[in-house]
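[1] Kindly return the folded structure for what I paste below:
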Amino acid sequence: MTTPNTKRETNLPEPALENFIEWSDSLAGHARELWRHRELLWLLTLREIKVRYKQTALGVAWAVLQPLSLMVVFTVFFSWFARIESDGIPYPLFSYAALLPWMFFSTSLSFAIPSLIANSHIITKIYFPREVVPLAAVMAALLDFLIASAAFVLLLTAYRVPPSWNLLYVAPIVLIQVLFTVGISLLLSAFTVLYRDVRHTLPLVIQIWMFVTPILYPASVVPERWRAWYFSLNPMASIIDGYRRAILQRQSPQLSYLLLAAAVSCLLVWAGYKYFKHLEREFADIV
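    Okay, the predicted model is just below:
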C-alpha cells in the first residue's frame, strides 16, 4: 500500500521543478541583460518624450493640461449637473486624484502596446533587448505623471488639505501601478506583433475600462456583495481607491485589495516578460 505513494513522491519534483528553475534562470538572465542596457532605456525614454511633444507650442505642459481639462469637464457635468457623490471630497480634487494615475495608465498602454510596430525600422536593423521599446513608452508616461503631480500638490494647497502619515502609502501604490502597467504593456505589445487587431480595439477597451473604474464615482457606490469581485477583477480600482484614501481621506488603503492588486501585478510582469522573450526572436521577421 505504501509503495505507490513512495514512487509518486520521488518522481514529483523533477519535471515541474526543473522547468520552473530553468524559466527563473532565463528570466534573471534577461533582466541582467536589460540592466546592462539601462542607458539605452533612458535614451529611448527621452526620445519618446521629444517625439511626443515635437512641434507643440506648450510642450510638456500638455502633461498637466490634459488631466486638468478633464477635471474641469467632469466637475461641470458630473458634479454640478449629474450630482454624482464624491464621499464628501470636493469634486475637482476627487476627480483629479483618479485622473492623474489613469492618464499615466492609459497613455502608457496607448504608446507601449503598438511601440514594437512603430519602431520596426530599429528592431530589424540592430540588436538590443526588445523590451526596452515598450518600457521606454511607460517611462515617458511616468515622467508625465510626475510632472502633472505638481499641479495636484497646488490643488491640495488651494483646498487646504493637510498632509498626513498616510501619504507614505503613495510610494508603494505607485510601484504597484507601474508593475501592473509594465506587465500589461509587455504582454500586449508582443501579442500585437502577431495580431494587429489589438491596436484597433485598444482605444475602445481603454474607454470601457475607464467607466468600470472608480474615476467618475467613488468605489463606495459599488454594492458590498459585489465589491470583492469588483476589486479582484480590476486592480486599477484598488489602485485608484488607494490613492484617494491615502491622499484625500487621510486613511490607509484597503490593504487586502491592494495586496491582491500587487500579487496580480507581479504575476502579470512575470507572465508578460516570459511571453515577450518567448516571441522576441521572431519580432524582426514579423514586424
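
[2] Identify each buried residue in the helix or strand where residue 144 lies, please.
    Residue 144 is part of helix 132-158 when elements are defined by DSSP states H and E. Residues of helix 132-158 classed as buried: 132-145, 148-149, 151-152, 155-156 (neighbour count, 16 or more other CB atoms under 10 Å). For glycine as for every other residue, the C-beta is placed from the backbone atoms N, C-alpha and C.

[3] roughly how far is it from the heart of the chain?
    Centroid displacement of helix 132-158 relative to its chain, using CA atoms, centre = their mean, to the nearest Å, is 12 Å.

[4] Enumerate every residue touching the one residue sitting closest to the centre of the chain.
    Ranked by distance to the mean C-alpha position of the chain (CA atoms, centre = their mean), the top residue is residue 181 at 2.3 Å. By CB atoms under 8 Å, 6 or more residues apart in numbering, the residues touching residue 181 are 104-105, 108-109, 112, 138, 141.

[5] Can you lay out those residues as TSV showing pLDDT, secondary structure and distance to residue 247?
    Below are those laid out as TSV (pLDDT from 0 to 100; DSSP: H, G, I helix; E, B strand; the rest coil; distance: CB to CB, whole Å):
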residue	pLDDT	secondary structure	distance to residue 247
104	96	helix	15
105	97	helix	17
108	95	helix	21
109	95	helix	24
112	94	helix	26
138	96	helix	22
141	94	helix	20
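
[6] Looking at these, which two lie furthest apart in space?
    104 and 112 (11.5 Å; CB to CB).

[7] Which neighbours do these two have in common?
    Joint contacts of residue 104 and residue 112 (CB under 8 Å, 6+ apart) are 141, 181.

[8] Report how many residues lie close to residue 270.
    15 (other CB atoms under 10 Å).

[9] pLDDT score assigned to it?
    Residue 270 carries a pLDDT value of 93.

[10] Now it: closest residue in space that isn't a chain neighbour?
    residue 27 (7.3 Å; CB to CB, 6 or more residues apart in numbering).

[11] Going by residue numbers, what spans are helices in the stretch 101-250 of the chain?
    115-118, 120-123, 132-158, 170-194, 197-211, 224-233, 235-247 (DSSP state H, counting those that start in this stretch).

[12] Quick check: which of these is nearest to residue 164?
    It is, among those and with distance given as CB to CB, helix 235-247, at 8.3 Å.

[13] returning to that earlier point: my guess is the residue nearest to residue 270 meets residue 271, correct?
    No. Contact between residue 27 and residue 271 fails when scored by CB atoms under 8 Å: they sit 10.6 Å apart.

[14] List the buried residues for stretch 79-97?
    79, 84, 86, 89-97.

[15] Go through the residues you listed and flag which are in helices.
    In helices, judged by DSSP state H, the following of these are found: 91-97.

[16] Closest one to residue 266 out of those, please.
    For these, the nearest to residue 266 is residue 97 (24.7 Å; CB to CB).

[17] can you tell me which residues contact that closest one?
    When contacts are taken as CB under 8 Å, 6+ apart, residue 97 is in contact with 152, 240, 243-244, 247-248.

[18] Thanks a lot, see you next time.
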